[in-house]
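Enquirer: my questions are about this predicted structure, shown below with the sequence.
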Amino acid sequence: MSKHALAVVAFTLALAASAAAREPKPEDTWPGFRGHAMTGVAPAAKLPETWSKTQHVKWSVPIDGHGWSSPIVWGDRVFVTTAISSRPFKKPTPGLYGNEYIAEMSAQGLSDEEITKRSAARDGESSAEADEIRYMVYALDARTGKVVWSREAIRATPFGGRHRKNTYASETPFTDGQRLYVSFGQNVGFFVYSLDGTLLWKKQWPPRPIYLDFGTASSPIVSDGRVYLLQDNEEQPSLAALDAKTGAELWRTPRSGTGFPLKSSWMTPFVWKNEQRTEIVTTGQGAVVSYDLQGRELWRINRMSMPTASPFASDGLLYVGTGSQGDANRPFLAVRPGGSGDLTLKPGEASNAFVVWLQPRVAGYTPSAIVTGGRAFVVHDTGVLTVLDAKTGKLVYRVRVGGGGQTFSASPVAAGNRVFLLTEEGVTFVLDSGPEYKEIARNDLEEMSLASPAVAGGAIYIRTESKLYKIGEQ
């Protein structure tokens, strides 16, 4: 081999070694919504069990505007998004927005039109009430919380409104270590940056109405060089795959005609890499639907409900649930790989060849579940925690977290043998992950929080209404 060829080889190896040295360890990353493989679990993390607004706080920084996207972490960087407006946003309040108000108005003899108008005024913020919005992306130094860079992705007046507990920045970004993928929803746009903040490409689509003007929330997922976007709306719902490097659309599968009575959804699709194949699992109003890597439907399970919580896999099984605040139909079930066609359970069945087990009244409306220590932890928005044997679906215990009076929107996370449940009022309940309810601590940040926490680098990142906290051992 010539001296020149040897020099080229040496230079190439040096570059590879340098890149490997810069690549953070998996435990120092939380790449997207619910972390690695959307499990919500950081098995090796050692987190403090108690904290306050000052105790065990490595840093806390204000985040301008309003957003319930979760922070994500890649080594020494934390990424977060927000929406900023000169006009104050309609404030959210913790708790359930139930149907009692509608029942009261109905009893007063008000027309359906008037009931809809008053309900929307109470629960939502219309586009007419919104001003021009700056859709912002921030990169923070994970060691100090200082802003490394910020970018205004777009400045625009929103096409549609939002539910008061939603925001115009609820989609959690994603990074694969090469690029930062930022969504502000199908009606605003998708923006891809280098990790130093250079805009690489962006995509926008014609805006479409969302059910009851609730706004959008589905986060992007990136796997093997592809971006998967669920863009369900009331006109042209679809699942799309884009090239992660260029943004070229590889395929788009329409989801109309699926039998969903409503077409909008707010869940994040899950890329399930199982022993037989890779598939993209989604829920829609009334069904779980899985697709292959060309966007062709593989299987479905009907008789589901509101598509807000997201699926995940653990120990070879897929776990998926849908629910609502008051609906008795809140199925949570485990599915083994390899199914095709209609896997729906027949009336009275609790399992079949591919549905391993079903619990019909368990799933949360907003929070997704986790599996840790062989048990599934499923918390409902009303504060009811159901713990199941993950292999059999048998009940381990059911309890009202903290004795009652708690409401939840954030998905739980687990680290080691602890489960962390963040209430809407900013209180984190730390539980033992064993077979009995054992409350270790209650940690109050004294401010509303609907964003799911992130865990990386021996710390838990919690976003409240106005701040982002990094909490870890000192």
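Expert: On my side now, so go ahead. What you are looking at is a predicted structure, and each value in this text was computed from that prediction instead of being measured.
Enquirer: distance of the closest residue in space to Glu465 that isn't next to it in sequence from Gly109?
Expert: Spatial nearest neighbour of Glu465, excluding adjacent residues (Cβ to Cβ, 6 or more residues apart in numbering): Met448 at 4.6 Å. C-beta here means a position set from N, CA and C on the backbone, and glycine is covered the same way. Counting by Cβ to Cβ, to the nearest Å, the gap from Met448 to Gly109 is 35 Å.
Enquirer: how about stretch 421-437, which residues are buried there?
Expert: Under the neighbour-count criterion of 16 or more other Cβ atoms under 10 Å, stretch 421-437 has 421-431, 433 buried.
Enquirer: could you dump those residues to CSV with pLDDT and secondary structure?
Expert: Shown next, in CSV, are the buried residues of stretch 421-437 (pLDDT from 0 to 100; DSSP: H, G, I helix; E, B strand; the rest coil):
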residue, pLDDT, secondary structure
Leu421, 98, strand
Leu422, 98, strand
Thr423, 98, coil
Glu424, 98, coil
Glu425, 97, coil
Gly426, 98, coil
Val427, 98, strand
Thr428, 98, strand
Phe429, 98, strand
Val430, 98, strand
Leu431, 98, strand
Ser433, 98, coil
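Enquirer: for the residues you listed, give me CSV that also has distance to Glu234.
Expert: Listed next are these as CSV, based on distance: Cβ to Cβ, whole Å:
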residue, distance to Glu234
Leu421, 33
Leu422, 31
Thr423, 32
Glu424, 28
Glu425, 33
Gly426, 34
Val427, 36
Thr428, 36
Phe429, 37
Val430, 41
Leu431, 39
Ser433, 40
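Enquirer: for stretch 340-359, measure first residue to last.
Expert: 22 Å (Cα to Cα, to the nearest Å).
Enquirer: so what's the gap between that stretch and the chain middle?
Expert: Here stretch 340-359 shows a centroid-to-chain-centroid distance of 26 Å under the convention Cα atoms, centre = their mean, to the nearest Å.
Enquirer: in that stretch, what's buried?
Expert: Using 16+ other Cβ under 10 Å as the test for burial, stretch 340-359 gives 343-345, 354-359.
Enquirer: just those residues now: which is nearest His56?
Expert: Gln359 (35.7 Å; Cβ to Cβ).
Enquirer: list the contacts for the residue lying closest to that closest one once chain neighbours are set aside?
Expert: Nearest residue to Gln359 in three dimensions, chain neighbours excluded: Phe332, at 4.9 Å (Cβ to Cβ, 6+ apart). The neighbours of Phe332, taking Cβ atoms under 8 Å, 6 or more residues apart in numbering as the test, are 319-321, 323, 358-359, 362-363, 369, 376, 378, 388.
Enquirer: please identify the one among those residues that lies nearest to Glu132.
Expert: Gly323 (35.8 Å).
Enquirer: looking at it, that closest one is touching Val379, isn't it?
Expert: No: using Cβ atoms under 8 Å, Gly323 is not in contact with Val379; the gap is 10.9 Å.
Enquirer: what touches both of those two?
Expert: Residues touching both Gly323 and Val379 (Cβ under 8 Å, 6+ apart): Gly364.
Enquirer: quick one: the strands in the stretch 251-400 of the chain, in order.
Expert: 270-273, 278-284, 287-291, 297-302, 312-314, 317-321, 332-335, 341-342, 355-359, 370-372, 375-379, 384-389, 395-400 (DSSP state E, counting those that start in this stretch).
Enquirer: now tabulate those strands in a markdown table and tack on distance to Phe159 and mean pLDDT.
Expert: Below are the strands of the stretch 251-400 of the chain laid out as a markdown table (distance: least, Cβ to Cβ, whole Å; pLDDT from 0 to 100):
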| stretch | distance to Phe159 | mean pLDDT |
| --- | --- | --- |
| strand 270-273 | 27 | 98 |
| strand 278-284 | 22 | 97 |
| strand 287-291 | 26 | 96 |
| strand 297-302 | 29 | 96 |
| strand 312-314 | 31 | 98 |
| strand 317-321 | 30 | 98 |
| strand 332-335 | 34 | 98 |
| strand 341-342 | 36 | 96 |
| strand 355-359 | 38 | 98 |
| strand 370-372 | 34 | 98 |
| strand 375-379 | 33 | 98 |
| strand 384-389 | 36 | 98 |
| strand 395-400 | 40 | 98 |
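Enquirer: looking at those strands, which is nearest to Glu49?
Expert: Among those, the nearest to Glu49 by Cβ to Cβ is strand 370-372 (15.7 Å).
Enquirer: what does that closest one rub up against?
Expert: 39-41, 43, 312, 314-315, 319, 376-377, 390, 411-414, 419, 433.
Enquirer: residues contacting Phe33?
Expert: Contacts for Phe33 (Cβ under 8 Å, 6+ apart) come out as 70, 172, 174, 219, 221, 268, 310, 452.
Enquirer: phi and psi next, for it.
Expert: Phi and psi for Phe33, reported as degrees, to the nearest 10, are phi -60, psi 120.
Enquirer: kindly report the same for the one 5 residues further on.
Expert: Main-chain dihedrals, Met38, degrees, to the nearest 10: phi 60, psi 30.
Enquirer: would you confirm that it contacts Trp272?
Expert: No: look at Met38 against Trp272 with Cβ under 8 Å: they stay out of range, at 9.6 Å.
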